[in-house]
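> below are the sequence and a predicted model for it; my questions follow.
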Amino acid sequence: MSAAVARSEDAPATGAAVEISGLTLRAGGRTLLENAAARFRPGEVALILGPSGAGKSLLLRVIAGLLDRSHASVDVAGSVRVGGEEVLGRRARARVGVVFQQFALFDELSPARNVRFAYSHRRRNHDDESVVDPAALLDELQVPRHARVSRLSGGQQQRLAIARTLASDPDIVLYDEPTSGLDAATADQVAALIRRTHRAHPKTAIVVTHDYESLVGIADRVHVLDAEAHALREVPRADWPSLREQLTATPRTAAPPPRSRPLGAAQAASRRLGAFLAGTSRVAEAAAGVPAALLPLWRSFGWGGRYLAHYLRLVAGPSAWLYLAVTGAILGYVATHFTFEYMPYSAYTEPLITEEVLGAIGYALYRILVPLIGTILIAARCGAAVASDIGNKTYGRQTDAMRSLGADPRRYLLTSVLWAFLIGTPVLVGVAFVTSRWASLIAFSILHPELGRQFWEQHLHTQLMLPGEPVFEGTWWLLAKVLSCALGIAAITYHQGARPKPAATSVSVGITAAILWSTLWALIVHFAFAFFEFRPPT
């Protein structure tokens, strides 16, 4: 028997109480709870029952402190106290862990690192002996440590989700529909798992479910989310045999929902204007927050470094180098070949202006073509990769899991994405320029074999060389516009990926929007810089 299990059934309850009072919850124009009250006692297992769509999972998010401004259609008021601390409408310091319905595991990490992440962000003192060791949790719950998360069975993933939650040392564990979609035998196994876990780690446990048949046997108390009374009602133990009737009862006096009247032209225009202004204000707020997001205020610099390395691989990994190298080669070859091949009256003019034409090609490649095309393709290729990664984390509830573990996803993800683009974009543009030079040399050597490489090297950068200067002319302008592109691309792709994802198709929509807006941003930056960078001398 492991050390974690050894302190099981006789261990004192270490959970915290949850007190709900005057809670009103509305979503999508429907009232789910109105002036509701309930109390969940420390160390007990409580069920919150209700039919699908009654608002159980939304209530769980309220208790967990996971509602944010992105839930514009949700109105919540009242008081939710966890361990005596108010969690509604503020950033909670209370210890609340969530075992999500789809587990929300970090796919890019091994099971051991999933649990280690939670352990590194626990809120109790690191020297507290009551904290369970992550390795012991994995052994106790029989989860392989180093297998790929995607290759774990459903049961192993659920046990890993429980282990990760317990590693954060919560006082309260929330289970979101743990038996959803399971047959009766498998649901009974999940109920037994929750019972064993609670005995080994006696926290306050709240299970949100519609499956009373499998889970009522492990409960100390049962609450029903009453859709007719908009209340959270505790069911006396004597009435537990009639839970089916209480859950399937339909309101007799409920009035049918009022029919919505079609909006007039003025009302429709007003709503569209309101939505546009709200969206504009969110964009402005996100843009204003970008400078602060550059500060690496990570709770753990080790994990912050891991996320930075992850996004650097996405933005500037080997495939991105190859992508931009090919781009630069095409630009260099095409610019040189077609300029000389299709020069008007080339038989007369080319011998006279070959040096000037070469210098113009070098200037155009360095100052205009490579940075413009390079940043557009970075926005498309790298922006899509990052938007897909963040979008899948949002859709898979991994960002919610990070919040529940005390790790701010904006700090770990947005900060890492910003720095990945700021580091990677100049490097990739530099790679494209280097290959454009070599391709230009090849094209020139084919067209003018008699002049040779030395002639090409002598004249390609004549318009960029500054006497006594270590860098080409316009390098600081180039760096400024490339970094401006990088900052905007990073912010756009992150926020498109981080927008709420109610369906899998929302991820694809976010990727498309990220490509569209980030490439447009790159074009606008180059257009704006052109008015100042290339002003004729006065």
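Cool, got the structure. Residues are numbered from 1 along each chain as shown.

> so where's this structure uncertain?
Residue ranges of the chain with pLDDT under 70: 1-13, 68-72, 89-94, 124-131, 248-286, 344-352, 536-538.

> distance of the residue nearest the centre of it relative to residue 200?
Of all residues in the chain, the one closest to the mean position by Cα atoms, centre = their mean is residue 390, 3.7 Å from it. In this view, residue 390 and residue 200 are 36 Å apart by Cβ to Cβ, to the nearest Å. (Glycine included, C-beta is placed from N, CA and C.)

> for the residue nearest to the centre of the chain, which non-adjacent residue is spatially closest?
In this structure, residue 390 finds its nearest non-sequential neighbour in residue 497, 2.7 Å apart by Cβ to Cβ, 6 or more residues apart in numbering.

> which helices and strands sit right next to the helix or strand harbouring residue 173?
Assigned by DSSP states H and E, residue 173 belongs to strand 172-176. Counting contacts by 3 or more Cβ pairs under 8 Å, 6 or more residues apart in numbering; DSSP states H and E, strand 172-176 packs against helix 56-64, strand 96-99, helix 154-167, strand 204-209.

> partner strands of the last one, with direction?
Strands that pair with strand 204-209, judged by DSSP bridges, come out as strand 45-49 (parallel), strand 172-176 (parallel).

> run the chain-centre distance for it.
Chain-centre distance of strand 204-209: 26 Å, with Cα atoms, centre = their mean, to the nearest Å.

> for the shortest one, same thing?
Between the mean C-alpha location of strand 96-99 and the chain-wide mean there is a distance of 19 Å, by Cα atoms, centre = their mean.

> could you list every residue that touches the residue nearest to residue 340 when sequence neighbours are not counted?
The shortest distance from residue 340 to any non-neighbouring residue, by Cβ to Cβ, 6+ apart, is to residue 447 (5.2 Å). With contacts defined as Cβ atoms under 8 Å, 6 or more residues apart in numbering, residue 447 is in contact with 336, 337, 340, 341.

> list only buried entries from these.
Among the contacts of residue 447, those classed as buried by 16 or more other Cβ atoms under 10 Å are 336, 337, 340.

> what's the spacing between the first one and residue 507?
Distance check for residue 336 against residue 507: by Cβ to Cβ, it reads 41 Å.

> just the last one next, same as before
Shown here: residue 340 relative to residue 507, a distance of 47 Å by Cβ to Cβ.

> residues in contact with the residue nearest to residue 141 when sequence neighbours are not counted?
Distance criterion Cβ to Cβ, 6+ apart; nearest residue to residue 141, sequence neighbours excluded, is residue 159 at 4.1 Å. Applying Cβ under 8 Å, 6+ apart, we find residue 159 in contact with 141, 142, 143, 193.

> format the residues you listed as TSV; extra columns: distance to residue 115 and neighbour count.
Converted to TSV, the contacts of residue 159 look like this (distance: Cβ to Cβ, whole Å; neighbours: other Cβ atoms under 10 Å):
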residue	distance to residue 115	neighbour count
141	10	23
142	13	10
143	8	24
193	16	17
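
> and the two most separated of those?
143 and 193 (11.9 Å; Cβ to Cβ).

> mind naming the longest helix for the protein?
Longest helix in the chain by number of residues (criterion: DSSP state H): helix 415-447.

> just checking, next helix/strand downstream of that one?
Sequence-wise, the next helix or strand downstream of helix 415-447 (DSSP H and E) is helix 452-459.

> and the next helix or strand after that next one, C-alpha only, in CSV?
Using DSSP H and E, the helix or strand that directly follows helix 452-459 along the chain is helix 475-498. The C-alpha atoms that make up helix 475-498 are tabulated as CSV, following Å, rounded to 0.1, in the frame of the first residue of the first chain:
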residue,chain,number,x,y,z
THR,A,475,18.9,48.4,-40.9
TRP,A,476,17.2,50.1,-37.9
TRP,A,477,14.2,51.0,-40.0
LEU,A,478,14.1,47.4,-41.1
LEU,A,479,14.3,46.1,-37.6
ALA,A,480,11.6,48.5,-36.4
LYS,A,481,9.1,47.4,-38.9
VAL,A,482,9.9,43.7,-38.7
LEU,A,483,9.5,43.9,-34.9
SER,A,484,6.3,45.9,-35.2
CYS,A,485,4.9,43.2,-37.5
ALA,A,486,6.0,40.5,-35.1
LEU,A,487,4.3,42.2,-32.1
GLY,A,488,1.0,42.6,-33.9
ILE,A,489,1.0,39.1,-35.4
ALA,A,490,1.7,37.6,-32.0
ALA,A,491,-1.1,39.5,-30.3
ILE,A,492,-3.6,38.8,-33.1
THR,A,493,-2.9,35.1,-33.3
TYR,A,494,-3.0,34.7,-29.5
HIS,A,495,-6.3,36.5,-29.1
GLN,A,496,-8.0,34.8,-32.1
GLY,A,497,-6.9,31.4,-30.6
ALA,A,498,-8.0,32.4,-27.0
